[in-house]
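Asks: Can you look at this prediction? I've put the sequence above it.
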Amino acid sequence: MKEKHIYIIGSKGIPAKYGGFETFVEELTAHQSNKNLKYHVACLSNGIQENFNHNDADCFNISKKNIGPANAIYYDLAALKYSLKEIVEKKNHRNGGKQEKTTKIHEFIINV
């Protein structure tokens, strides 16, 4: 079976330090039994840019901006942008470098 990639955005990330959704993501990745699933988790960061691995999930950092309550919206959009860019790059790589068509939402988010 082909490996499937699942991108989780909207939580503060793992390891879980906050509440319900973060704990759910922590438990989901910790008890993964299907090795054909690869999780990618957005993590809120205070400036750290390196990706890391936790519970065999690829965790990617999104830097926090000092913009008050709007940071939640920025964080979700930045995580979505990162995820979509990585998905398109993976598809292009599988297609032997042939450029994959993007969706309108992808083009919008990449250009924000």
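Replies: Structure received.

Asks: Quick check: which element contains residue 2?
Replies: Secondary structure here is read from DSSP states H and E; on that basis residue 2 sits in neither a helix nor a strand.

Asks: ok, it touching residue 90?
Replies: No. Using C-beta atoms under 8 Å, residue 2 is not in contact with residue 90, being 11.9 Å away. Just so you know, the C-beta spots here come from the backbone N, C-alpha and C atoms, and that holds for glycine as well.

Asks: next one: the top helix by length along the chain to chain centre, how far?
Replies: Looking across the chain with DSSP state H, the single longest helix is helix 71-94. Distance of helix 71-94 from the chain centroid (C-alpha atoms, centre = their mean, to the nearest Å) equals 7 Å.

Asks: Show me what counts as buried in it.
Replies: Neighbour counts using 16 or more other C-beta atoms under 10 Å place 75, 78-84, 87-88 of helix 71-94 among the buried residues.

Asks: Who are the packing partners of that helix?
Replies: Here helix 71-94 touches strand 4-8, strand 37-45, strand 57-63, helix 104-110, going by 3 or more C-beta pairs under 8 Å, 6 or more residues apart in numbering; DSSP states H and E.

Asks: Show me where the protein dips below the pLDDT cut-off.
Replies: Scanning the chain for pLDDT under 70 picks out 92-112.

Asks: if we go to 50?
Replies: Residues of the chain meeting the criterion pLDDT under 50: 111-112.

Asks: close enough to count as contact, residue 87 and residue 6?
Replies: No. Residue 87 lies out of contact with residue 6 (C-beta under 8 Å); the separation is 11.0 Å.

Asks: one step back: hmm, which two among the buried residues of helix 71-94 are most spread apart?
Replies: Taking C-beta to C-beta as the measure, the buried residues of helix 71-94 span a maximum distance of 20.8 Å, between 75 and 88.
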